[in-house]
Each structure stands twice: as C-alpha cells, then as structure tokens.
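[1] my questions concern the predicted model and sequence given below.
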Amino acid sequence: MILLPIVTMLLTYWASVGYVNFEKNFDTTSSCQSGIQSVLGTVANSEVMCPSCNDLWDLATCAIVICFWFLFQVLLERFLPCDLVQGAPLPDGSGNRLSYRINGHLAFWVTLLVANIAWPSWVEISEGGETKSVLVFGRAPITWLYDNYSTLAFVTILWTFVLSTYLYFRSFGKGLLLAVGGNSGNPFYDYFMGRELNPRWGSFDWKEF
C-alpha cells in the first residue's frame with residue numbers, strides 16, 4: 001500500500017513516454033549503487049514523482065479541479081434521491097444502526113449528463129460591434145483530462161494522503177467507536193486500514209462515500 005502511489009506515478013509516466021527503458025535505468029555493467037542512483041536521478045529529473053511541480057499554475061489548476069470534482073460528488077450524494085439503507089448494528093451494544101444514502105448509480109448518470117450536454121462555459125460573441133461574454137452549456141473539455149492526467153493523479157494522491165491523515169488523528173477523539181481491524185496498535189497498519197469505525201460529519205460517512 002505504501003508503494004502504490006509510487007507505482008501509479010511510474011506507470012503514468014511510462015505510459016506517457018510509450019516505453020520502459022530497463023537497460024538505461026538498470027545498467028548491469030555498473031555497480032548496484034550507481035544503478036540505483038541512475039534510477040533515482042532519472043525519476044527526479046523526469047518529473048515522474050511530481051509532474052508540473054515546475055509550473056505552479058498547472059499544479060494549482062489541477063488541485064482546484066480535483067476539489068470541485070469532489071465537492072460536486074458530495075452535493076450529488078447529499079441532494080439526489082436515494083435509498084436509505086440501515087447498516088449493521090453498532091458493536092457498542094446499543095443496537096443502534098447508522099443510515100446510509102445509496103444513490104451512486106444515479107450520481108453516475110447525472111455526472112455523465114453534465115459532462116456531455118450541461119457543462120457551463122463562457123464564450124465571447126460579437127454583436128453590433130460589441131463583444132460580450134455569454135454563458136453557454138455544452139460538452140466538457142474531456143481532452144484536458146488526458147493532457148493533465150499525470151498532474152491530476154499526483155494531486156489526487158496528495159488529497160487522499162491529507163484526508164487519511166486527518167481521519168487517523170481524528171480517531172483519537174473521545175467516545176469514538178474504533179474498527180476492530182484498524183485498532184491493532186500498529187500506527188502504520190491502523191493508518192491504512194482506518195482506525196475509526198464510522199468517521200462521519202453529521203450523516204456524511206467518509207468511509208461509505
């Protein structure tokens with residue numbers, strides 16, 4: 001699990017350049033140490049681990065896009081029609097059950113609809129010698145996702161790391177139910193498994209979402 005972000009970025013990079021040059025990265029004629037240094041140097045200089053880090057505008061743009069995407073999906077989960085499903089009884093012996101909003105299938109189709117015919121954008125038109133901006137709706141610029149795929153993946157990894165870290169430290173609050181599989185006492189294991197059983201903001205369940 002620790003290596004998954006690194007593997008993801010490496011695969012993204014290799015897919016973008018179209019090949020994997022093992023001979024260059026792993027020179028069998030050199031020592032093991034120099035070979036490792038060659039790999040690390042290639043990774044660092046090719047922007048594999050931090051794409052667009054030399055272009056803060058692109059990095060910030062992708063971060064804003066990921067934030068808006070996440071918030072859009074939260075709004076769909078909150079306001080679209082849903083089935084209210086009762087979860088399993090809580091292990092605290094109270095017999096209480098938490099309610100979950102299940103509408104992911106509907107959210108998928110609404111997202112697809114917005115991306116295809118309801119994407120808002122401003123265009124400039126000339127009328128009577130004057131130029132004015134008009135709000136129109138159409139297809140989202142999907143090709144932008146392809147052009148910025150590596151940076152979007154990098155920003156998403158950062159976002160999940162920040163969110164996971166917040167939820168881990170939040171689990172040490174008083175009166176919270178802890179997951180059996182995430183309360184081993186090993187901080188690394190608990191971090192990845194999820195220490196709190198049902199981390200929530202009100203009725204919004206982070207694990208379920």
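    Structure received. Residues are numbered from 1 along each chain as shown.
[2] from Asn148, how far out is the residue minimising distance to the centre of the chain?
    Centroid-nearest residue in the chain: Thr156, 3.5 Å away (criterion: Cα atoms, centre = their mean). Relative to Asn148, Thr156 is positioned 12 Å away (Cβ to Cβ, to the nearest Å). Every residue, glycine included, has its C-beta placed from N, CA and C.
[3] what does the one helix or strand Leu75 maps to contact?
    For Leu75, the element it lies in under DSSP states H and E is helix 56-79. For helix 56-79, the external contacting residues (Cβ atoms under 8 Å, 6 or more residues apart in numbering) are 52-53, 101, 103-104, 106-107, 110-111, 148, 151-152, 154-156, 158-159, 204, 209.
[4] buried subset of the residues you listed?
    Ser52, Arg101, Asn103, Ala107, Val110, Asn148, Thr151, Leu152, Phe154, Val155, Thr156 (16 or more other Cβ atoms under 10 Å).
[5] just to be sure, the second one is in a strand?
    Yes: secondary structure of Arg101 (DSSP: H, G, I helix; E, B strand; the rest coil): part of a strand.
[6] phi first, then psi, for the closest residue to it other than its chain neighbours.
    Excluding the flanking residues, the one nearest Arg101 by Cβ to Cβ, 6 or more residues apart in numbering is Cys82, at 4.2 Å. Backbone torsions of Cys82, given as degrees, to the nearest 10, read phi -150, psi 170.
[7] again with the one 10 residues further on
    Its backbone dihedrals place Asp92 at phi -90, psi 0, with angles given as degrees, to the nearest 10.
[8] what sits against it?
    Counting by Cβ under 8 Å, 6+ apart, Asp92 makes contact with Leu177.
[9] what about it, distance to Ile64?
    Per Cβ to Cβ, Asp92 is found 40 Å from Ile64.
[10] for Gly129, same thing?
    35 Å.
[11] tell me the pLDDT of Ser31.
    On the pLDDT scale, Ser31 is placed at 49.
[12] kindly export stretch 105-124 (C-alpha atoms) in CSV.
    What follows is stretch 105-124, C-alpha atoms only, in CSV (Å, rounded to 0.1, in the frame of the first residue of the first chain):
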residue,chain,number,x,y,z
HIS,A,105,-25.8,4.8,-9.7
LEU,A,106,-28.0,7.9,-10.2
ALA,A,107,-25.0,10.2,-9.4
PHE,A,108,-23.1,8.4,-12.2
TRP,A,109,-25.8,9.2,-14.8
VAL,A,110,-26.1,12.8,-13.6
THR,A,111,-22.4,13.3,-13.9
LEU,A,112,-22.4,11.8,-17.4
LEU,A,113,-25.2,14.1,-18.4
VAL,A,114,-23.5,17.2,-17.1
ALA,A,115,-20.2,16.2,-18.8
ASN,A,116,-21.9,15.7,-22.2
ILE,A,117,-24.6,18.4,-22.5
ALA,A,118,-24.7,20.6,-19.4
TRP,A,119,-21.1,21.8,-18.9
PRO,A,120,-21.2,25.6,-18.3
SER,A,121,-18.7,27.8,-20.1
TRP,A,122,-18.3,31.4,-21.1
VAL,A,123,-17.8,32.4,-24.7
GLU,A,124,-17.3,35.7,-26.3
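[13] quick one: that stretch to chain centroid distance?
    Offset of stretch 105-124 from its chain centre (Cα atoms, centre = their mean, to the nearest Å): 20 Å.
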